[in-house]
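>>> Kindly generate the corresponding structure for this input.
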Amino acid sequence: MKKIKNKNLFTLLEVLVSMGVFSLLMLALMQFFSAAQGVWEKSGSKSELFDSARVAAQLLTEDLTTAFYGDEEHDMSKYKFYQNDSTRLTFAAQRSGGLTEVDYNWNQTALTLEIREWPETDAGAPVGVSGWVTFPSVAWISKIQTEKTATPIAENVLYVNFEDKRAPGDDNRPPRIVIATFAILSSAGYEKLDTIIRPGVAGSTDDVKDNNVKAQIKTYFDAMTPQETATVKKDKFKDDAVPESGSDKPAKEIIFDNVQFFKLLIPIER
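From the prediction side, this is the model:
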């Protein structure tokens, strides 16, 4: 009977150690791919945010840089280039098709940035004191705001602030620069928040529920940003924007990860 020659075989301990090392490597790879997928999703969400804001920013910039202001020595207490408040701008712009009155407004119920447009050539276009847009009046501005249908140009807008900057002595002239600040929530972020918030909001119809969901999102956002003052704007989150615990932590984390702030400095041609 032949003797079995000694062979290099793995011991049970070596097999167990090898399996442990292999498992650790697989776990590390899974974590790497999971992290990479998370980065990719966030990158896609940020890209979508920029795409959403780009259209509104480009249109506003083009209109403001060609704003028509007539006689710049005219008393600006009568010349209504400016906004009714920090969330609205109404003025005339020189577009390729001719002068057009434009009204930019933040709809805080629908969370949309909207625009109303009234070309000079349209029937019934508003007329100022000394011509169509030479010296616009309060009535001239009110007409577009009440008679024209608004078109949304950006959705899920949680904050808007329009601010004009003038040089000393320019109080009775159009501004040299308009600063526009926006905070926009990605559509992916909105869908996640809707899933969390909708079951707990009241409403007999989907439209009512939609408005209540948006109101709750804005409430969370306002709590996460500084209180606005004459010198402080909501252009960033507070350091403690997301609580360490609590029922609102998941929603606030989504807002923190899916909101982008934008600030535009737009010069006015003079």
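>>> contacts, neighbours, all on C-alpha from now
Noted.
>>> tell me the secondary structure for the one residue sitting closest to the centre of the chain?
The residue lying closest to the centre of the chain (CA atoms, centre = their mean) is residue 184, at 2.1 Å. Of the three states, residue 184 takes strand according to DSSP: H, G, I helix; E, B strand; the rest coil.
>>> contacting residues around it?
Applying CA atoms under 8 Å, 6 or more residues apart in numbering, we find residue 184 in contact with 49, 53, 155, 156, 157, 158, 159, 259, 260, 261.
>>> roughly how far apart are the closest residue to it other than its chain neighbours and residue 142?
Spatially, and ignoring its direct neighbours in sequence, residue 184 is nearest to residue 157 (4.5 Å; CA to CA, 6 or more residues apart in numbering). Here the distance between residue 157 and residue 142 works out to 24 Å (CA to CA, to the nearest Å).
>>> what do you get for residue 92?
Distance, residue 92 to residue 142, using CA to CA: 13 Å.
>>> more neighbours, those two?
Higher neighbour count among residue 92 and residue 142: residue 92, with 27 against 13, using other CA atoms under 10 Å.
>>> so how far is residue 241 from residue 85?
Computed with CA to CA, the distance linking residue 85 and residue 241 is 27 Å.
>>> so residue 93 touches residue 61, yeah?
No: using CA atoms under 8 Å, residue 93 is not in contact with residue 61; the gap is 10.6 Å.
>>> more neighbours, these two?
Higher neighbour count among residue 93 and residue 61: residue 93, with 22 against 19, using other CA under 10 Å.
>>> so who does that one touch?
By CA under 8 Å, 6+ apart, the contact list for residue 93 reads 63, 64, 66, 67, 68, 99, 100, 101, 102.
>>> can you pull the contacts of the third one?
Contact criterion CA under 8 Å, 6+ apart gives 93, 94, 95, 268, 269 as the residues in contact with residue 66.
>>> about what we covered before: who wins for neighbours among the contacts of residue 184?
That'd be residue 158 among the contacts of residue 184, by other CA under 10 Å, with 28 neighbours.
>>> got any ranges where the stretch 151-270 of the chain has weak pLDDT?
For the stretch 151-270 of the chain, applying pLDDT under 70 flags the ranges 166-174, 269-270.
>>> Please enumerate the helices of it.
Ranges of helices in the stretch 151-270 of the chain, per DSSP state H, counting those that start in this stretch, are 187-197, 206-224, 249-258.
>>> Would you mind telling me which of the ones you listed is nearest residue 234?
Closest of those to residue 234 is helix 206-224, at 8.5 Å (criterion: CA to CA).
>>> What are the buried residues along the closest one?
Using 16 or more other CA atoms under 10 Å as the test for burial, helix 206-224 gives 209-218, 220-222, 224.
>>> And stretch 232-241, by the same measure?
By neighbour count on 16+ other CA under 10 Å, the buried set for stretch 232-241 is 234, 235, 236, 237, 241.
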